[in-house]
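Engineer: sharing a model prediction with you, sequence too.
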Amino acid sequence: MSSKLSSGSQGPPASSLRELQAAHEIAHAFLTARRPSEVYRLALERVAPLVGAGFGCVFLRDGEGDLLRIVAAHNWPQAYATYLSSMRVRVGNGPTGRAVAENAIVEVADVFADPALEDWWDSARELGFVSSVALPLAFRGRPEGALTFYFREPLAMGEADHQLLRLVANQLAATAEKAHLIDDLQRANDRLREQNIDLEARYREAEEARQLKNEFLANISHELRTPLTAILGYAYLLREGLSGTLHAEQTASVERIEQAGTALMDLINDLLDLTHLKLGRTSVERELSDAGALARAALSAALSTAVHLPPSVQVRSELPPERIPIHTDPVLVTRILQNLLSNAFKFTPAGEVVLRVREARPDDPEARLPREDAPRGPVVLWEVEDTGIGISEEDRETIFDEFRQVDGSATRRFGGAGLGLALSQGLAHRLGGEIRLRSQPGSGSLFTLALPSGVVRAGEALAGASPTAPSAPADQT
Ligand code: ADP
């Protein structure tokens, strides 16, 4: 019996050459293919002639069961092509099934010499093979399939042939395993990409919904203001006696309408301002101002509207006699300070509320602002300090969020909607600065509004700015 596979007397150098060539062909298949099935097909195409096989195929487990199906075939007679896709081999049955079950090479030297393989004889005659060799394909030690070559002549294999076949099987299994892993990764990647597209679409939807909500809030707040202005206007006329003299009880009722209406108007204004801020519609109109004058204006506004200030609270201001110039929006600054002062009045049952203002030089650590890119210049610091109820460390993180209050219960002692600090912090950021908070629960709080002064005095340059930086007011936002 002769065999094309047999190395005969060619000796070790020739067999090593064939092994090298086989390894090379499989590596080439791996590098060329894009899917594991293609690796099998290309490897079969290139290795079959090398081992002298007429045709060959790769069987793999069909799912988790013990049936094997053909995933790649090379050179099978065309007439059998459709039959191949539906063909299943049970693990343990026939030479291929046994190779998988026993994780060993199963060689059929001559089909027609073995009566146990009589069932095969017709197909063998039609397909034109006489012998076959089935090699197990093991992934991580577990046989998951087989590589079977069919030969047109009887086999007579020596140790060198076995060695070559083992190498082919091992090399193909290792290569295919890598290809499967890459394939899995690619599929996972594709899935992730799809999920990402989905997430992006949902994010856009959420963003649109948020935008719509803000638009809605802005519109509704605006619409609420018109009738409320009329209510407050008529209440004023009534109180002033323009529709006839009121008796004491009527006056008290009208005053209550005015108080409640004003509180509602403040809330609507806060809501409107906050939504405008979030929609990026808050305009900033800077002008050269005096930080002390802004503090005084905010304090008198807060005092005139204070409904919570008990007589046991002393209000003081410590303002320097000299001007502290700042190039900023005076209306927005006053608004922020008024909010901080009203809160201090509201949350201080006894003791004092102090308002201070000072300027921090650029090298002062307190002059550090969140905007890293801003040129380092002087920073104006307004401090509102109270001896009130204070804020715990945990709450210090959340009170700047909208609608957040330390006590959010319906039975809380202090009124409010939780918008003031969110709005104030948003405005401070819009002006290029921030609001800082230090507090001791039970002892009091210190809120600091820090804003870039935007003013460079003669002989002083902004760190990070060009030497020709203006010495007049400089806009930093
Ligand atoms: P509002 O005052 O309308 O509730 P804010 O946004 O102004 O809303 O404040 C949020 C919360 O922060 C308040 O409800 C309160 O719990 C806490 N807070 C604000 N300022 C002070 C302060 N000076 N002392 C103690 N708690 C304060």
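Structural biologist: Structure received.
Engineer: now the helices for the stretch 1-150 of the chain?
Structural biologist: Under the criterion DSSP state H, counting those that start in this stretch, helices of the stretch 1-150 of the chain are mapped to 11-32, 36-51, 81-86, 94-102, 121-127.
Engineer: so after the helix or strand that contains residue 192, what's the next helix or strand?
Structural biologist: According to DSSP states H and E, residue 192 maps onto helix 159-239. Following helix 159-239 in sequence order, the next helix or strand is helix 248-278 (DSSP H and E).
Engineer: and the average pLDDT for the next helix or strand after that following helix is what?
Structural biologist: Reading on from helix 248-278 to the C-terminus, the next helix or strand found by DSSP H and E is strand 287-290. Mean pLDDT, strand 287-290: 96.
Engineer: what residues does strand 287-290 touch?
Structural biologist: For strand 287-290, contacts defined as CB atoms under 8 Å, 6 or more residues apart in numbering pick out 323-330, 333, 455, 473. In this view, the C-beta of every residue, glycine as well, is placed from N, C-alpha and C.
Engineer: can you find the helix or strand in this protein with the smallest mean pLDDT?
Structural biologist: helix 11-32 (a mean of 72; mean pLDDT, DSSP states H and E).
Engineer: quick one: low-confidence parts of this protein?
Structural biologist: Applying pLDDT under 70 to the chain picks out residues 1-15, 308, 372-375, 404-416, 457-477.
Engineer: domain parsing for it?
Structural biologist: Domain assignment of the chain by automatic domain parsing yields the ranges 12-188, 206-277, 286-476.
Engineer: nearest to the ligand, of the ones you listed?
Structural biologist: The ligand lies closest, by CB to the nearest ligand atom, to one member of those: domain 286-476, at 2.3 Å.
Engineer: so what's the gap between that closest one and the chain middle?
Structural biologist: 33 Å (CA atoms, centre = their mean, to the nearest Å).
Engineer: one more: stretch 70-84?
Structural biologist: 48 Å.
Engineer: what's in contact with that stretch?
Structural biologist: For stretch 70-84, contacts defined as CB under 8 Å, 6+ apart pick out 36-37, 40-41, 44-45, 48, 54-60, 85, 87, 126-128, 145.
Engineer: go on, stretch 42-51?
Structural biologist: With contact meaning CB under 8 Å, 6+ apart, stretch 42-51 is reached by 4-5, 18, 21-22, 25-26, 28-30, 32-33, 54-58, 72-75, 147, 149, 164-165, 168, 172, 175.
Engineer: list the buried ones in that stretch?
Structural biologist: 42-44, 46-48, 50-51 (16 or more other CB atoms under 10 Å).
Engineer: selecting buried members of the contacts of stretch 42-51 in PyMOL, what would you type?
Structural biologist: To isolate the buried members of the contacts of stretch 42-51 in PyMOL, using 16+ other CB under 10 Å:
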select buried, resi 5+18+22+25+26+29+30+33+54+55+56+57+58+72+73+74+147+149+164+165+168+172+175
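Engineer: for residue 442, helix, strand, or coil?
Structural biologist: Following DSSP: H, G, I helix; E, B strand; the rest coil, residue 442 is assigned to coil.
Engineer: what sits against it?
Structural biologist: Taking CB under 8 Å, 6+ apart, we find residue 442 in contact with 389-390.
Engineer: recalculate using a threshold of 6 Å.
Structural biologist: residue 390 (CB atoms under 6 Å, 6 or more residues apart in numbering).
Engineer: related to what we said a few turns ago, residue 266: which of the buried residues of stretch 42-51 is nearest?
Structural biologist: residue 42 (76.7 Å; CB to CB).
Engineer: skipping its backbone neighbours, what lies nearest that closest one in space?
Structural biologist: In this structure, residue 42 finds its nearest non-sequential neighbour in residue 29, 3.6 Å apart by CB to CB, 6 or more residues apart in numbering.
Engineer: check contacts around that neighbour.
Structural biologist: So residue 29 contacts 39, 42-43 (CB under 6 Å, 6+ apart).
Engineer: now, which of the residues you listed sits nearest residue 381?
Structural biologist: The closest of the contacts of residue 29 to residue 381 turns out to be residue 39 (CB to CB; 69.2 Å).
Engineer: so that closest one sits right up against residue 33, yeah?
Structural biologist: Yes - between residue 39 and residue 33 a contact is recorded at 4.3 Å, counting by CB atoms under 6 Å.
Engineer: ok, residue 436 - how many residues close by?
Structural biologist: 14 (other CB atoms under 10 Å).
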